[in-house]
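Q: build me a structure from this.
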Amino acid sequence: MKSISKTSLLSLVILIFLLLFAFDAFALEETSTGRKVWDNIMLFVNFGILVFLFIRYGKKPLMDFLRSERNTVENELNELTDKKQGVQSQRDVEAENLKDIDQIIEEIRSHILERGKKEKEEIIQQGRALADKMIQDARAYSENRIVAARQELSEEMLDMALSMAKDKLSRDMTDEDNNKLVNQFLTNLQATKLSVG
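A: Numbers count the residues shown, from 1 in each chain. Model (predicted):
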């Protein structure tokens with residue numbers, strides 16, 4: 001880009017200023033037809049000058065700005081497109097996973113039910129084993145109690161029989177019967193001694 005001197009730039013700005021604001025000075029006068037044509041021509045000339053200045057000095061910065069904005073927008077669009085594709089692929093994967101979710105849920109449900117049945121059977125078996133052990137323990141305890149009760153009853157009956165026999169013998173037996181018994185015992189003892197010896 002060609003460099004422009006400060007004086008020519010200043011003169012150009014003054015010229016533009018005069019062209020733009022010079023019409024206010026003539027606004028109070030009555031305008032003729034030639035003046036109207038001149039004003040219209042000057043509007044086009046002013047516009048042409050502005051376009052020339054804009055193209056001459058503003059085209060490159062404006063184009064650079066527009067290109068950088070375009071590049072920025074393109075980059076953002078590319079990033080958003082990449083993100084969109086990533087999200088879509090993730091959505092497709094999740095949709096594929098969710099497609100089989102009913103089957104997975106059914107498998108989990110059947111596994112849980114099967115495991116529950118096994119645990120139920122184990123609990124029932126443990127309960128039965130515990131009940132059988134309790135019954136065996138109760139039988140053993142009752143048998144022990146019955147044996148102990150029979151032994152106690154036998155001992156009591158023996159004690160009662162001895163007591164009754166003692167009472168009857170002491171009541172019915174006289175001194176003479178007692179002497180006969182002692183003599184008979186001694187005779188039996190001697191006979192036993194002779195047969196052994």
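Q: the residue sitting furthest away from the middle of the chain sits in which helix or strand?
A: Here the chain reaches farthest from its C-alpha mean at Glu176, the gap being 104.4 Å by C-alpha atoms, centre = their mean. Using DSSP states H and E, Glu176 falls within helix 175-196.
Q: for the residue farthest from the centre of the chain, give its distance to Ala165.
A: Noted for Glu176: a distance of 19 Å to Ala165, by C-beta to C-beta, to the nearest Å. Placement of C-beta: from N, CA and C, glycine included.
Q: same check on Thr81?
A: 121 Å.
Q: next one: Lys99
A: As judged by C-beta to C-beta, Lys99 and Ala165 stand 99 Å apart.
Q: same thing with Tyr141?
A: Counting by C-beta to C-beta, the gap from Tyr141 to Ala165 is 36 Å.
Q: go on, Asn46?
A: The value you get for Asn46 to Ala165, if C-beta to C-beta is used, is 161 Å.
Q: more neighbours, those two?
A: Asn46 (16 against 10; other C-beta atoms under 10 Å).
Q: quick one: residues in contact with the worst-scoring helix or strand of the chain on mean pLDDT.
A: In the chain, no helix or strand scores lower on mean pLDDT, DSSP states H and E than helix 6-21, which sits at a mean of 72. Helix 6-21 is contacted by residues Met42, Val45, Asn46, Ile49, Leu50, Leu53 when judged by C-beta atoms under 8 Å, 6 or more residues apart in numbering.
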